[in-house]
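Enquirer: My questions are about this predicted structure, shown below with the sequence.
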Amino acid sequence: MTVAIIAISALILLALLFPIARRTYLKSIEEAENEEQRDSFGKQGEDEVSKILASLPEGYRIYNDVMLKGSTSTVQIDHVVVSAFGIFVIETKNYKGEIFGKERDRMWQKMWKGTMKQFYNPIKQNKAHVNALKMNTMMKNANAYIPVVAFSNEADLKNLDTPLVKLKSKNGTVVNFKHIIAKITAFKEKVLSETQVEKICISIEQLRLDSEKMAKKHVKNIEKSLEDRKFFSEYGNCPRCKGKLLLRNGRRGFFLGCSNYPRCKFTKEVKGEN
């Protein structure tokens, strides 16, 4: 009798817990899928800006996706443009909707389809990128750096502080993609010599080579120290569609994703060494 009561109690408890566990699992899958979609959307914006920058006239040297060592961690800079008129450090935000924020605010907001979401102030984010470039290229002249935050053409910037959207603001101009070229070419005064430009470009090219080696080594270390090694070895193929599982790097770290994405959106977080 006692065994039967225990069994029935266990079944009742299971029935109560199963919906909760299912909801938690589905939520984690949804969050992972949303994260991968955001990463993909952000990459689209960076690719679009890369194409726009390619139309700059001769004399502007363009570097996309530059990874450097910062004071406390590694920083990834979307775009760097080097010229005699300055070093343009560009942070890309492929966001839609109304953007709200002030230069000194820690967090900004975006309103899209009735939903308000916060994101870290890109002016502050880009300041860290400028500091990393100063540290790595040894070009300390503050006047040589022009930080630019570029939002998609579908972002409404009218609610930002006025100084932020001035075309020649040195503190951190915010523009839409379509105004990037006008922003860069608005600077007509030379602040760097040809020799300085060449030295900075050589430094960035060497740093990029070093960072590529560092990134490859980082991925190898992650692969060796996967806490999910057992999962990876057991499920070399996607448990949903049997596609190949690939190690990918998102903004929140490494994860396993299906090779059949976007048809299959299976993902699994991976924890490894940083």
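Expert: Sure, I can see it.

Enquirer: And the strands in the stretch 151-274 of the chain?
Expert: 155-156, 173-176, 245-250, 253-258, 267-269 (DSSP state E, counting those that start in this stretch).

Enquirer: Nearest to Leu56, out of those?
Expert: strand 173-176 (14.6 Å; Cβ to Cβ). Heads up, the C-betas are built off the backbone N, CA and C, glycines and all.

Enquirer: Tell me which strands that closest one pairs with, and in which orientation.
Expert: Here strand 173-176 is paired, per DSSP bridges, with strand 145-151 (parallel).

Enquirer: Any idea which of the strands of the stretch 151-274 of the chain gets closest to Thr195?
Expert: When the strands of the stretch 151-274 of the chain are compared (using Cβ to Cβ), the closest one is strand 173-176, at 27.5 Å.

Enquirer: tell me the mean pLDDT over the closest one?
Expert: Across strand 173-176, the average pLDDT comes to 90.

Enquirer: List the neighbours of that strand that are in contact with it.
Expert: 99, 122-123, 146-153, 155, 157, 160, 164-167, 182-183 (Cβ atoms under 8 Å, 6 or more residues apart in numbering).

Enquirer: Please list only the buried members of these.
Expert: 99, 122-123, 146-152, 155, 157, 160, 164, 183 (16 or more other Cβ atoms under 10 Å).

Enquirer: Please tell me how far the nearest residue to Gly257 once chain neighbours are set aside sits from Gly42.
Expert: Computed as Cβ to Cβ, 6 or more residues apart in numbering, the closest residue to Gly257 that is not its neighbour in sequence is Arg248, at 4.7 Å. Distance check for Arg248 against Gly42: by Cβ to Cβ, to the nearest Å, it reads 14 Å.

Enquirer: May I have the residues that are in contact with Lys96?
Expert: Counting by Cβ under 8 Å, 6+ apart, Lys96 has contacts Lys110, Trp112, Ser152, Glu154, Ala155.

Enquirer: Out of these, flag the one nearest to Phe88.
Expert: Checking the contacts of Lys96 one by one against Phe88 (Cβ to Cβ), the nearest turns out to be Ser152, at 18.3 Å.

Enquirer: wait, isn't the closest one in contact with Gly97?
Expert: No: using Cβ atoms under 8 Å, Ser152 makes no contact with Gly97, being 9.7 Å away.

Enquirer: rewinding a little: run a quick neighbour tally on the residue nearest to Gly257.
Expert: For Arg248, the neighbour count with other Cβ atoms under 10 Å is 17.

Enquirer: wait, isn't it in contact with Ser259?
Expert: No: in this structure, Arg248 is not within contact of Ser259 by Cβ under 8 Å, at 10.1 Å.
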